[in-house]
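S.K.: fold the following and give me the result.
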Amino acid sequence: MKIPDEFGLRKGWIYEVIVTAAGNAAPMGILTRDSESIEMEIYKGSKTCEIILDKRRFVINFVDDIDIFYNSIFEKEKIELEGNHLKNANAFIEMEVDGEEDLGDRVQVNAVPLAFVIIKVPRPVNRAESLVLESLIASTKIPHVCAEERKFLEKKIQDNLRVVKKVAPGSRFERILEKL
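M.R.: Below is the predicted model:
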């Protein structure tokens, strides 16, 4: 099954979602290379990794509320599930693991979609746009600060460029940051 275009997933970009499985919810970065499967890297030893590798099924939940991301890390009791997906999800995809690769401290999980539901057309969360905005603001400060602060801001912009190249390769966000 192909992941529908309505999910807005660009090939090779990393998106932030909430993964649910067996009553557990955790923020996770996902990417697709072909619109037919999803890859994600999960830290070994995490409850999420254990559940996904054991059950072989999970749900990718698309949300645009930052509180849900926060709650999935720090206030799990506030997470509301409806069946195996988040009650507040804009959309979700039920997934089945079809392979994994040991990456040392992480496991790369490959999964294929089984079913999907779109409640509200999702705008998948990608960190690139926010990082560019942060870098643009930092760049306006550089001419007005001392050398130490300038060095800090320039490093921040370089760090943001490194992340943008990872999460949105070849994007306009990358091109903007390269100009700074």
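S.K.: residues of the lengthiest helix in the chain that come out buried?
M.R.: Counting by DSSP state H, the longest helix found in the chain is helix 147-167. Across helix 147-167, burial judged by 16 or more other CB atoms under 10 Å covers 153, 157, 160, 161, 164, 165, 166, 167. (Glycine included, C-beta is placed from N, CA and C.)
S.K.: what separates the residue nearest to the fifth one when sequence neighbours are not counted from residue 112, distance-wise?
M.R.: This means residue 164. Of all residues beyond its chain neighbours, the one nearest residue 164 is residue 128 (4.7 Å), with distances taken as CB to CB, 6 or more residues apart in numbering. Residue 128 sits 26 Å away from residue 112, going by CB to CB, to the nearest Å.
S.K.: likewise residue 96?
M.R.: Distance from residue 96 to residue 112, by CB to CB: 6 Å.
S.K.: shared neighbours of those two, anything?
M.R.: Residues within reach of residue 96 and of residue 112 at once, by CB atoms under 8 Å, 6 or more residues apart in numbering: there are none.
S.K.: quick one: contacts for residue 110?
M.R.: By CB under 8 Å, 6+ apart, the neighbours of residue 110 are 37, 38, 39, 97, 98, 99, 100, 101.
S.K.: give the contact list for residue 118.
M.R.: 4, 6, 7, 90, 91.
S.K.: could you give the backbone dihedrals for the most far-flung residue of the chain relative to its centre?
M.R.: Distance to the chain centre peaks in the chain at residue 146, reaching 35.5 Å (criterion: CA atoms, centre = their mean). The phi/psi pair for residue 146 (degrees, to the nearest 10) reads phi -70, psi 170.
S.K.: same deal with residue 178?
M.R.: According to degrees, to the nearest 10, residue 178 has phi -70, psi -30.
S.K.: what's near enough to touch it?
M.R.: Here residue 178 is in contact with residue 161 (CB under 8 Å, 6+ apart).
S.K.: residue 54 versus that one, what's the distance?
M.R.: 43 Å.
S.K.: do the same with residue 60
M.R.: 18 Å.
S.K.: tell me which of these two has more neighbours.
M.R.: residue 60 (27 against 11; other CB atoms under 10 Å).
S.K.: for that one, name its beta-bridge partners.
M.R.: Per DSSP bridges, the residues bridged to residue 60 are residue 19, residue 93.
S.K.: again, but for residue 81
M.R.: residue 86.
S.K.: contacting residues for it?
M.R.: Counted by CB under 8 Å, 6+ apart, residue 81 has contacts 20, 23, 25, 87.
S.K.: ditto for residue 49
M.R.: Residue 49 neighbours (CB under 8 Å, 6+ apart): 42, 43, 107.
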